[in-house]
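> below are the sequence and a predicted model for it; my questions follow.
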Amino acid sequence: MALIGLKDELLAAQAEARNAKVQLEAEVALNCRVRTVISNLWTSWEVEPMDESREDARGNALVDQLCYLGATLRDRVRDALHIGVKRAMAVVCSGFSYDMEVVSHGFVIDISKTDAENEERLHALIDDAEAPGERLAKLFEPKVLPHETSSGGGEGGEDRAMD
């Protein structure tokens, strides 16, 4: 009688082991897919991947990579926003009325000036637009950027200097 009970326990344990193996294989496959997606994101956004050589961080490596990538991309989007708004402010300051169709064509040049003089004027306008453009860009950040999370990425974020 004891052998029959032992045999039933062994069969149940084997079934549980097979189920655990299937779940583990699925997790390994998912892990591989996630690593591939992260690698593709690194490549497509031309970001240097994090150093994964530290064995003690293996368990959190994917989370760390995603946090770092997210912070890096958030910084790039912020930089693009600020540069774009600053340039738009410089365009408006260059002499256009607020007719958006006219503004969308770029800087107004002074045809009585040389190319070098117009280039110098353009740079002065961009410099003058720096501070007001920064203020305007900050107003748009919440609408453009995803909310920053503190999930342990540790890289990038609000404290980094703006250009």
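Arrived safely, thanks for sending. Every value quoted in this text rests on a predicted model; they were computed, and no experiment measured them.
> the residue nearest to the spatial centre of the chain sits in which helix or strand?
Note on the chain: the residue nearest the mean C-alpha position is residue 73, at 1.7 Å, using CA atoms, centre = their mean. Assigned by DSSP states H and E, residue 73 falls within helix 61-93.
> okay, buried residues for the helix or strand of the chain with the lowest mean pLDDT please.
Lowest on mean pLDDT, DSSP states H and E among the helices and strands of the chain sits helix 100-103, with a mean of 70. Neighbour counts over helix 100-103 (16 or more other CB atoms under 10 Å) mark residue 103 as buried. C-beta coordinates here come from the backbone N, C-alpha and C atoms, glycine included.
> let's see it as CSV, backbone CA atoms only.
The C-alpha trace of helix 100-103 is given here as CSV (Å, rounded to 0.1, in the frame of the first residue of the first chain):
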residue,chain,number,x,y,z
MET,A,100,2.0,81.3,-38.9
GLU,A,101,2.2,80.7,-42.7
VAL,A,102,4.8,83.3,-43.0
VAL,A,103,6.6,82.2,-39.8
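> start at 460 instead
Sure, I'll start numbering at 460, so the last one becomes helix 559-562.
> okay, the helix or strand immediately after that helix in the chain in PDB with CA atoms only?
In the C-terminal direction, the helix or strand that comes right after helix 559-562 (DSSP H and E) is helix 574-587. What follows is helix 574-587, C-alpha atoms only, in PDB (Å, rounded to 0.1, in the frame of the first residue of the first chain):
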ATOM      1  CA  ASP A 574      25.100  86.800 -46.200                       C
ATOM      2  CA  ALA A 575      27.700  87.100 -43.400                       C
ATOM      3  CA  GLU A 576      25.800  90.000 -41.800                       C
ATOM      4  CA  ASN A 577      22.500  88.100 -42.000                       C
ATOM      5  CA  GLU A 578      24.200  85.100 -40.500                       C
ATOM      6  CA  GLU A 579      25.600  87.200 -37.600                       C
ATOM      7  CA  ARG A 580      22.100  88.600 -37.100                       C
ATOM      8  CA  LEU A 581      20.600  85.200 -37.100                       C
ATOM      9  CA  HIS A 582      23.000  84.000 -34.400                       C
ATOM     10  CA  ALA A 583      22.300  87.100 -32.300                       C
ATOM     11  CA  LEU A 584      18.600  86.400 -32.600                       C
ATOM     12  CA  ILE A 585      19.100  82.800 -31.500                       C
ATOM     13  CA  ASP A 586      21.100  83.900 -28.500                       C
ATOM     14  CA  ASP A 587      18.400  86.500 -27.600                       C
END
